[in-house]
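> Provided below are the primary sequence and the corresponding predicted coordinates.
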Amino acid sequence: MRLARVVAGAITAAALAAGTVSLAAPASAATVNYVALGDSYSAGVGSGNYDSSSGSCSRSYSSYPYLWAAQTGANFTDVACSGAKTGDVLSSQLSALSSSTTEVSITIGGNDAGFANTMETCVLSGTSSCLSAVSSAESYARNTLPGLLANTYSQIHSHAPNAHVVVLSYPHLYQVPGSCLFGISDTSRSAINGAADILDGVINKAAANAGFTFADVRSSFDQGHEICGDSDQWLNSTTWPISDSYHPTADGQQYGYLPEFSANA
């Protein structure tokens, strides 16, 4: 039985109200006040086991923030939300932070750069259209995203001046060459992976400039756990519901994201 299901069954519904979980820390340990910010990769989209009270944000009890809070006994507030961009963090997530916040995690930037639309183009159109869409996303990541991230990170620090902030990367989606016999071309898959590298590079630099910790999940997923991989796949390919596509599975959250966050928290 996966850890997330064990935890979800052990915690009462009252403790899960309003997307907040409070787990008492041992009396001898300093209390950790942990807030999860960000987009669908932090909300746990694709991993199932969703909190019905989170609505369209699709927060999952199998997400790495929830699992880490359960393991550590941290006081936990989860405001990560599917589809979030940097502007959404500023307008609707920062209010969860305060001077008493001691730990923050975030994945953000992929939606700003339009990677969801890029993936749609790559799946529905040919290689040429895919490469054009990837190029546009890369251009946005290089030229526009740095300023958006700098402002977002600055505001996070302003609202939670005493917090340790961990910024997590996005994984490569595909193993190339891989085991997939159908779907988009290896040329498109390689281009998508390359775009992830550019995005993560921009995020890494912005995090460093802000004095935040960067946690890179790519090496964990790059052990054959990508789509078309030759090991257990930790990422959904095209699936139903469609919103779960190209997001980490429950295993991707538990074995890919959780260890990287835990090592850097």
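Sure thing, it's come through.

> Could you pull up the mean pLDDT of stretch 203-212?
For stretch 203-212, mean pLDDT rounds to 98.

> residues of it that come out buried?
The neighbour-count check on stretch 203-212 (16 or more other C-beta atoms under 10 Å) flags 203-204, 206-207, 210, 212 as buried. In this view, the C-beta of every residue, glycine as well, is placed from N, C-alpha and C.

> Could you do stretch 110-121 as well?
So stretch 110-121, judged by 16+ other C-beta under 10 Å, has buried residues 110-116, 118-119, 121.

> Contacts for it, please.
39, 41, 83-86, 129-130, 132-134, 136-138, 140-141, 144-145, 148, 170, 192, 195, 199, 245-246 (C-beta atoms under 8 Å, 6 or more residues apart in numbering).

> Please point out which parts of stretch 177-194 sit buried.
Buried residues in stretch 177-194 (16+ other C-beta under 10 Å): 178, 180, 183-184, 186, 188-193.

> Which of the residues you listed sits closest to Leu258?
Nearest to Leu258, judged by C-beta to C-beta, of the buried residues of stretch 177-194 is Asn193 at 22.4 Å.

> Next, the distance between the ends of stretch 56-67.
This stretch, stretch 56-67, spans 21 Å end to end (C-alpha to C-alpha, to the nearest Å).

> so where is this protein shaky, pLDDT-wise?
Applying pLDDT under 70 to the chain picks out residues 1-29.

> how near is the residue nearest the centre of it to Gly211?
Nearest to the geometric centre of the chain sits Tyr41, at 2.6 Å (C-alpha atoms, centre = their mean). Using C-beta to C-beta, to the nearest Å, Tyr41 is found at 22 Å from Gly211.

> What's the separation between Arg142 and Ala43?
In this view, Arg142 and Ala43 are 26 Å apart by C-beta to C-beta.

> Those two: which has the busier surroundings?
Taking neighbours as other C-beta atoms under 10 Å, Arg142 and Ala43 compare with Ala43 leading, 30 against 14.

> OK, contacts around the more buried one?
54, 57-60, 63, 78, 80-82, 84.

> Ok, His157 next?
With contact taken as C-beta under 8 Å, 6+ apart, His157 is in contact with 163, 165, 210-211.

> which helices and strands sit right next to the host helix or strand of Glu138?
When elements are assigned from DSSP states H and E, Glu138 belongs to helix 127-143. When contacts are defined as 3 or more C-beta pairs under 8 Å, 6 or more residues apart in numbering; DSSP states H and E, helix 127-143 sits against helix 115-124, helix 186-210.

> follow-up on the earlier one: any chance of a markdown table for the buried residues of stretch 177-194, columns distance to Gln233?
Listed next are the buried residues of stretch 177-194 as a markdown table, based on distance: C-beta to C-beta, whole Å:
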| residue | distance to Gln233 |
| --- | --- |
| Gly178 | 10 |
| Cys180 | 10 |
| Gly183 | 13 |
| Ile184 | 16 |
| Asp186 | 17 |
| Ser188 | 18 |
| Arg189 | 14 |
| Ser190 | 18 |
| Ala191 | 20 |
| Ile192 | 16 |
| Asn193 | 15 |
